[in-house]
Every structure is written in structure tokens, then in C-alpha cells.
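In: build me a model:
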Amino acid sequence: MNKLIAIILALTLFSCEKICSVTSALCKGESKKIEAIDFTQIDQFPQFKNCDALLNFEESKTCFEQSIHQEISSRVQHLKFISKENISDTLQINFTIDKNGVFLCNKIIAKDSLKIKIPNLSIEIQKIIQSLPAIHPAQKRGIPVTSTYTIPLVINTKQ
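Out: Reported below is the predicted structural model:
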């Protein structure tokens, strides 16, 4: 019986030593540090075909912004609305590009006066966003991710 108690006591002491060594290693910072991932930032912007060759983050961002404005404004210019007065206003388009590169229109933010003057404008803008061709999605650590953007669109009409 005494031998059993001695063995249990010895095992307990050795296990405490292991626990203490692990604890002291953690306290000394010897363990691997877990790197925090910022999910609010992307590593690479979504890319249209004309932006594929750009490696620089800022150039990629600029190319994306210019391309999306060009795609949307060229399609909006083909819309025909009748208004009794000139309109000069800005609306906000909130859209998502999913991890497959597909555009989804989330929300069109416009003043009530613009909605009254051009009642179908929001519906037409939604159709335009949904009809944009799929592009390369944004990436985080080399993995395609969903990203959301809001861009302004200036509406100017002439009589």
C-alpha cells in the first residue's frame, strides 16, 4: 500500500512539473501567437477583366471603382424617363458581390422627391445591378469572399 501511495505521489509531482512548465512557457510568450484576422478588410478588390493584370492594391481599387462606375453609368444612360422638370440629384446604390462574383442589389437610397419624379428609377437600377456580368470576387488570404459597397450615382435629366 505504501508503494502505491509513493507511486501516486511521484506521478502527481511529475504531472505538476509538466503543468508548471507549460504554464511558464505560456507566461514567457514561448507559445505560437495567434494572428488576428481582420474580416472587415479585404486583401484584393473584386476584379473586372480589364483589372486582372494589376498587382498593386491601390491600382486594383482604383480600377474596380472606375470599372463599376463605367458599367453602371453606361447602362443608366440608355434608360428613358419622362419628367416635366430638370432633375439633378444623387442617389446611393448599395450592392454586394458574392464569393462567386455575382452582383446583388441590396438597396437604392434616393430622396423622396427623386422617387416621386422618377417612380421606376429604383427598379431599373436594381435590374442594372443584377444584370452586371460576374467578375472575380474580392479575396481575403487568397479565398474568395463576399463584399459590399455603396457608390453614388448622379442623375441629370434634360428637357
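In: now do the helices in the protein.
Out: Remark: helices assigned in the chain by DSSP state H are 2-28, 57-76, 112-117, 121-131.
In: low-confidence stretches in the chain?
Out: Counting by pLDDT under 70, the chain has low-confidence residues at 1-40, 54, 159.
In: how's it carved up into domains?
Out: The chain breaks down into these domains under automatic domain parsing: 1-30, 49-156.
In: buried residues in stretch 66-84, which are they?
Out: For stretch 66-84, a neighbour-count test (16 or more other CB atoms under 10 Å) marks 67-68, 71-72, 75-76 as buried. Bear in mind the C-beta positions are built from the backbone N, C-alpha and C, glycine included.
In: need these in CSV with distance to Asn56, can you?
Out: Below are the buried residues of stretch 66-84 laid out as CSV (distance: CB to CB, whole Å):
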residue, distance to Asn56
Ser67, 16
Ile68, 18
Glu71, 22
Ile72, 24
Arg75, 28
Val76, 29
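In: of all these, which comes closest to Thr148?
Out: Nearest to Thr148 among the buried residues of stretch 66-84: Ile68, at 12.7 Å, using CB to CB.
In: so who does that closest one touch?
Out: Neighbour list for Ile68: 48, 149, 151 [criterion: CB atoms under 8 Å, 6 or more residues apart in numbering].
In: can I assume the first one is in contact with Ser67?
Out: The reference is to Phe48. Yes. Proximity of Phe48 to Ser67 meets the contact threshold set by CB atoms under 8 Å, at 4.3 Å.
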